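Chemist: Sequence and predicted structure below; questions after.
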Amino acid sequence: MPLKIKELPEAERPYEKLKMHGEEALTNAELLAIIIKTGTKNENSLQIANRILLLTDTLKDIMDLSIKDLISIKGVGEIKAIQIKAVCELTKRIEQSSTKTKKQVKKPADIAEKLIKEMRYQKQEILKVIILNTKLETIKEVNIAKGQSTQVNTSIKDILTEAVKLQEPNIIIAHNHPSGNPEPSNADIEFTKKISEASKILGITLLDHLIIGNNNYVSILQKISTKGYRKS
């Protein structure tokens, strides 16, 4: 019969450990055990948490588990599964939150970090267009298309429509690779060149095409050109 959490030494109980030493002192399993709260007749919450972590390669993978997936794990009922999904979604929203003030974009890194937080957990490819004014301040972000896990289909017209409508002269496009590898394919590079040429006809400058991976990105225009963004 496993020890109940309350039977563990006080310094090893997740609740007490967090209270004494702060949340950063806890292991992933201990943090997850706090969310799970209670165990079963055969396992305490810490043991269940360790089993969940053994089923995934990284913490990020927990976010990909559905309620049905979680319930299939012995010791995780519907309430526990819902609690875990709620914390995962809250984590996503915290990462995605940003100030509403306009931010000037002078180089890929100025916007890539924000896009990584927004797009890294997506299971499908999403194509996003960021519209910028003459000062290179972001005016609007639009999700243009959502595709399969390996590709997204859209037209050049769809990409440029919003910038034309807002009469703004600059755009950045970005899409994610759910595999986590941000290296562009030949098709990505050719598509970027076509958008750049079409943009010029309409008086719009394509500043970049960013590909977002798990925790990194690649600037296609930096790969095919030495030109940087304009500076104020």
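Modeler: Great, that's in hand.

Chemist: Quick one: mean pLDDT for the lengthiest helix in the chain?
Modeler: Using DSSP state H, we find that the single longest helix of the chain is helix 78-96. Throughout helix 78-96, pLDDT has a mean value of 86.

Chemist: so Ser196, which of the three states?
Modeler: helix (DSSP: H, G, I helix; E, B strand; the rest coil).

Chemist: no wait, Ile211
Modeler: strand.

Chemist: What's opposite it in the beta bridge?
Modeler: Beta-bridge pairing of Ile211 under DSSP bridges involves His175, Val218.

Chemist: still on that earlier bit, now tell me what touches the longest helix of the chain from outside.
Modeler: Helix 78-96 has contacts (Cβ atoms under 8 Å, 6 or more residues apart in numbering) with 32, 35-37, 62-63, 65, 67, 70-71, 76, 117-118, 121. Glycine gets a C-beta too; all of them are placed from N, C-alpha and C.

Chemist: how about the helices of this protein, start to end?
Modeler: Going by DSSP H, the chain shows helices at 14-21, 28-36, 45-54, 60-64, 67-71, 78-96, 109-119, 156-166, 186-201, 220-224.

Chemist: Now do the longest helix of the chain against helix 28-36: the angle between them, please.
Modeler: 120 degrees (axes from the mean of the first three to the mean of the last three Cα atoms, to 10 degrees).

Chemist: what comes up buried for helix 78-96?
Modeler: By neighbour count on 16 or more other Cβ atoms under 10 Å, the buried set for helix 78-96 is 80-81, 84-85, 87-88, 92.
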